[in-house]
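Asker: coordinates only, sequence not included:
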């Protein structure tokens, strides 16, 4: 079976069908990505037609929007305060969520982004852990940086729902366009007492705010060692304040993840919600 997505369309809606998507509940699962519609009715018509065709082909589930896997673009905006998108945020058309709902899909995984003041995100003293050393990326050897991100991400996210392994070369290709936007002052690594890499944090200024952004984005952070992620986030927040930023966005947190509770403790408030939608298919 070819891994290339199949382009599908009806009048007023279009998408791409990926037949090798991460499995949902052990079912043979396809995903629809590249989704766009002019109206909820047109979008629902396309989604229903795709679901019917896949059911006839023996598939048990359809999820979306997802461009094949969670390494690529996925999620639909389900609720928003109307503020402008931030850098690297997934965006949706105004009718996308309603189209999925009208076609019998429901949320199967939910996420939020929260915004807050950096001054509220730090405690009176820096967070430290015995034997853990947090270091800032020095801005050199970007290929080595991406390799570190790949190795740590593959391990830290392997237990996540809808995780699907990715080849190193494909991961590197994903990050190539991002490298020119990176600022090493917002990227950190945590090392254990033996020098081994045990965590990372990838932050980036919200360059969509213009030449002098006031907001910095905590894009992702991960560690398999308790307390390390908190140390990384604390270093990130303090560093951003020193650089003159005043606001922070905690991006795309799963609603069941401990990072959301930490974000609340940092005084951040949710301003956008997202969902991965799913529908079981009947033969």
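Answerer: Alright, I've got the coordinates. It should be emphasised that the depicted structure is a prediction, and the values quoted were computed from it without experimental measurement.
Asker: in the chain, which spans are strands?
Answerer: For the chain, the strands defined by DSSP state E cover 6-10, 13-18, 29-37, 61-64, 76-80, 106-117, 133-136, 187-191, 197-205, 215-223, 247-254, 269-280.
Asker: which of those strands sits most buried?
Answerer: Mean neighbour count (mean count of other CB atoms under 10 Å) peaks for strand 61-64 among the strands of the chain, with a mean of 26. Where you see a C-beta, it was placed from the backbone N, CA and C, and this is true even at glycine.
Asker: ok, that strand: who's next to it in the sheet?
Answerer: strand 29-37 (parallel), strand 269-280 (antiparallel) (DSSP bridges).
Asker: quick one: mean pLDDT over it.
Answerer: Mean pLDDT, strand 61-64: 98.
Asker: contacts for that strand?
Answerer: With contact meaning CB atoms under 8 Å, 6 or more residues apart in numbering, strand 61-64 is reached by 15, 21-25, 27-33, 35, 47, 50-51, 54, 74, 76, 100, 105, 108, 162, 276-281.
Asker: how far off centre is that strand?
Answerer: Distance, stretch centre to chain centre, for strand 61-64: 18 Å (CA atoms, centre = their mean, to the nearest Å).
Asker: okay if I get the strands paired with strand 61-64 as CSV plus distance to residue 194 and mean pLDDT?
Answerer: Listed next are the strands paired with strand 61-64 as CSV, based on distance: least, CB to CB, whole Å; pLDDT from 0 to 100:
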stretch, distance to residue 194, mean pLDDT
strand 29-37, 40, 98
strand 269-280, 38, 98
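Asker: and the helices in the stretch 51-200 of the chain?
Answerer: Secondary structure of the stretch 51-200 of the chain, counting by DSSP state H, counting those that start in this stretch: helices at 96-102, 142-156, 168-175.
Asker: and those helices, which one averages the lowest pLDDT?
Answerer: helix 142-156 (a mean of 73).
Asker: contacting residues for the residue most central in space within the chain?
Answerer: Nearest residue to the geometric centre of the chain (CA atoms, centre = their mean): residue 252, 5.2 Å. Going by CB under 8 Å, 6+ apart, residue 252 touches 75, 89-90, 111-113, 219-220, 274.
Asker: so who does the nearest residue to residue 219 once chain neighbours are set aside touch?
Answerer: In space, and not counting its chain neighbours, residue 219 is closest to residue 202: 4.9 Å by CB to CB, 6 or more residues apart in numbering. Counting by CB under 8 Å, 6+ apart, residue 202 makes contact with 149, 186-187, 219-221.
Asker: quick one: closest of the strands of the chain to residue 234.
Answerer: Nearest to residue 234, of all those, is strand 133-136, at 8.7 Å by CB to CB.
Asker: in terms of secondary structure, what does the closest one contact?
Answerer: Applying 3 or more CB pairs under 8 Å, 6 or more residues apart in numbering; DSSP states H and E, one finds that strand 133-136 makes contact with strand 187-191, helix 228-242.
Asker: counting contacts, what elements does the shortest one pack onto?
Answerer: Counting contacts by 3+ CB pairs under 8 Å, 6+ apart, strand 187-191 packs against strand 133-136, strand 197-205, helix 228-242.
Asker: could you list every helix and strand that the longest one packs against?
Answerer: Yep, that's helix 228-242 we're talking about. Using 3+ CB pairs under 8 Å, 6+ apart, helix 228-242 sits against strand 133-136, strand 187-191, strand 197-205, strand 215-223, helix 258-265.
Asker: avg pLDDT for it?
Answerer: Mean predicted lDDT for helix 228-242 stands at 96.
Asker: in that helix, what counts as buried?
Answerer: 228-241 (16 or more other CB atoms under 10 Å).
Asker: now do the same contact list for residue 273.
Answerer: 77-80, 110-112.
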